Structure formats: C-alpha cells, structure tokens
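Student: From the sequence below, what's the structure:
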Amino acid sequence: MTELRDVLVEDLVADPDNPRTELKDLDDLAASMREVGLLQPVVARDAGGQLVVVAGHRRLAAARSLGWATVPCIVRPAMRPDEVLVAMLVENNQRADLDPIEEARAFQKLKSDHGWTDAQVGQHVGRSQPAVSARLALTYLTAGQQEDVRTGALLVRDAVVKGRAAAGRTRRSDALTGWHFGRDHHLASRARAACLELKHPRSRQLAATACGECWEAVIRDDERSRARRAGPREAAAAHAGAAPAPVAAPARRPRPTAPAGPPDAGSPIVPLSARRVFDDVEWMAAAGTALAEIVSATEMPPPRLRELYARYSRALPAVLL
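Tutor: Residues are numbered from 1 along each chain as shown. Below is the predicted model:
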C-alpha cells in the first residue's frame, strides 16, 4: 500500500538504474529547499525492506548536503523492474529533467531488458514512436558526439541524422537522391517557399527541403535570370557561335554568426537552449512540418513556445500564430 511519511535520509538508497547519470545544480536546489522546504516528496519503493529511490535523487542529495535527518517520502510497495524504469522516465519527462543522451540510454535499456519495440516503449512512457526512434538513434553516436549533444554544441536534430547514418538506418532515397539539394544550397529558400505555396506533399521532398519539381523550376528561373543579366555582348557572342563568358554561380549564403562585439544592452541574451528551440522550430516550420509534429519534436506545447518567442522578442513562425 502506497503511503506518505517522513523517512530517515540514511534509510533511502539511490537506484543504480537511475537514467540520470549526473546530479546537476544541487546548490540552487539546496538553497531553494533551505528557504521553502521540500515541496515535492521523494518517491521510493520497498525492495525487501530497503527503500530504493524511484524519483527524487537530486532532492535526496540536496537534503543530505543540508544535513537533514528526514525527508517526506511516498513509499510504494514492491515494483517490477520495468515499472521502476518507466516511472523514472515519466517523472523526469514531466519535469524536463533528463538530457537527450540519458533518455536515449533509458529507452535502449527498456528495449533490451524487455524486448519492447519502439512503439511499445512510447506507449509506456507517453511518447510517440517517432520520438522514441529519434532518441534511440543517439545511442549510435560516438562518445564525443554524445558529449557535444549534452553541451549543445551539436543540435539534437543533426545528431539524430548522424546517429541514423551510423546505424545504417538512413533512408536510401535520402542517401542517394538529391543530397546536394539540401538546406545549404543557395536556392534552398526559394525552392522551399515554392513547395510550401503549392502545398506539395512532404513525401516528395529531396533532403527535407523541396520536391524535384520545385527545385527544377527555381533552378531554371535562376538560369534565365543570370542569362538576362549577362548583357548583349555575351548574347551577341553566343549568336556568332562563340561560347559566352561563364557566369559565376551566386555564392552560398553564409551561416549567421554571433556578432563580434558585446550584445545590445536593450536586447536580452538568448541562452543556448532557447536558440536550439528556435532553430528546430523555424527549420521545421519552413519545411512545412505540422504543428503537432513540431510540438512532439520540441516537447513544448504551443503556449510555451509562444511564451519563449515573446520572452526574447522573436517573430513567431506562421504555424504558431
């Protein structure tokens, strides 16, 4: 029978299978607990007379640092191993506690321990099958790449692509068809805009940018524009049979970089976590991704996304209006 009671801190044992590998920001948590107390009890299970923590490892560590003798604790009866890990994942997901790599390893443990499919893992932890599969792709990254994901140096979206390629699960059509027609192509924005305006299905897109029909249209239009800009001398040379002077292709648009000087005093500094959300949302919105898929990928409901955009005075993508 589940009950809430005060438990001695020394009687609580950390679960060795806790998906969280690092207990971060303990000083801030301890300061908050010192001021207002522990607002959310620790959750533990009875394992043969031993109380093993299911949720609240950081809270327990902070209580120990404060020298507390007891903490409020919800004590549950014995739980199966799969129930324990699922409970940890659900609790951490609700509080956005796990980083992507920790979550990926936990999902992989559920699959290997219980023989579950990606869809079954999603059913147990409240996530969609594509979201689970994307996280699992991160387990194929190298240790260095995983650390880059943790620090934000590598975006989760790009890490998933690398992980799938390492696992040999990259779609053949993506690998062999139109790879050079990606987001870095100098005509990508025009092709994507045309595809969105014509409402062509995403299944026809090359490299998740635009369909072949739209790519051909903008490329031919660009060629005609460059021919018109070449002027009468090149046209006369072509008419006489001479080869016209080559016209250099427009340079690829450089990626935006941070300003060298200090930020404007009136502009809020956008943290890395928010920049990652903006990058993901705006890329998916430009690619015509449905709002439901954006919410699933970012794990943020529309009101929170709008609040984040407003906080940093950033223009909302049309899909969030």
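Student: So residue 58 versus residue 17, what's the distance?
Tutor: As defined by C-beta to C-beta, to the nearest Å, residue 58 lies at a distance of 16 Å from residue 17. For every residue, glycine as well, the C-beta is placed using N, CA and C.
Student: Which of these two has more residues huddled nearby?
Tutor: Neighbours were counted for residue 58 and for residue 17 using other C-beta atoms under 10 Å; residue 58 has more, 19 against 13.
Student: Need the pLDDT of that one.
Tutor: We note a pLDDT of 83 for residue 58 in this prediction.
Student: Over to the residue most central in space within the chain: give its phi and psi.
Tutor: The centroid of the chain falls nearest to residue 156 when counting by C-alpha atoms, centre = their mean (4.4 Å). Per-residue torsions, residue 156: phi -60, psi -40 (degrees, to the nearest 10).
Student: likewise residue 313?
Tutor: Residue 313 adopts backbone torsions of phi 50, psi 50, taken as degrees, to the nearest 10.
Student: can you start the count at 6 instead of 1 from here on
Tutor: In the new count, where the first residue is 6, that last one comes out as residue 318.
Student: State the distance from it to residue 279.
Tutor: Note on residue 318: its distance to residue 279, by C-beta to C-beta, is 12 Å.
Student: Looking at these two now, which is surrounded by more residues?
Tutor: Neighbour totals were compared for residue 318 and residue 279, and residue 279 leads with 16 against 10 (other C-beta under 10 Å).
Student: could you say which helix or strand contains the more buried one?
Tutor: According to DSSP states H and E, residue 279 maps onto helix 277-291.
Student: Give the buried residues for that helix.
Tutor: 279, 282-283, 285-291 (16 or more other C-beta atoms under 10 Å).
Student: And the contacts of it?
Tutor: Residues outside helix 277-291 that contact it (C-beta atoms under 8 Å, 6 or more residues apart in numbering) are 157, 160-162, 188, 194, 197, 201, 275, 298-299, 302-303, 305, 310, 313-314, 316-317, 319, 322-325.
Student: what's the spacing between the nearest residue to residue 319 once chain neighbours are set aside and residue 289?
Tutor: In space, and not counting its chain neighbours, residue 319 is closest to residue 283: 6.3 Å by C-beta to C-beta, 6 or more residues apart in numbering. From residue 283 over to residue 289 the distance is 11 Å, taken as C-beta to C-beta.
Student: Over to the nearest residue to residue 206 once chain neighbours are set aside: give its phi and psi.
Tutor: Spatial nearest neighbour of residue 206, excluding adjacent residues (C-beta to C-beta, 6+ apart): residue 216 at 7.9 Å. Main-chain dihedrals, residue 216, degrees, to the nearest 10: phi -80, psi 170.
Student: Pull out the buried positions in the helix or strand where residue 198 lies.
Tutor: For residue 198, the element it lies in under DSSP H and E is helix 193-202. Using 16+ other C-beta under 10 Å as the burial criterion, the residues of helix 193-202 that qualify are 193, 195-197, 199-201.
Student: and which of the residues you listed is nearest residue 234?
Tutor: The nearest member of the buried residues of helix 193-202 to residue 234, counting by C-beta to C-beta, is residue 195 at 16.4 Å.
Student: The closest one touches residue 223, doesn't it?
Tutor: Yes - taking C-beta atoms under 8 Å as the definition, residue 195 is a contact partner of residue 223 at 4.6 Å.
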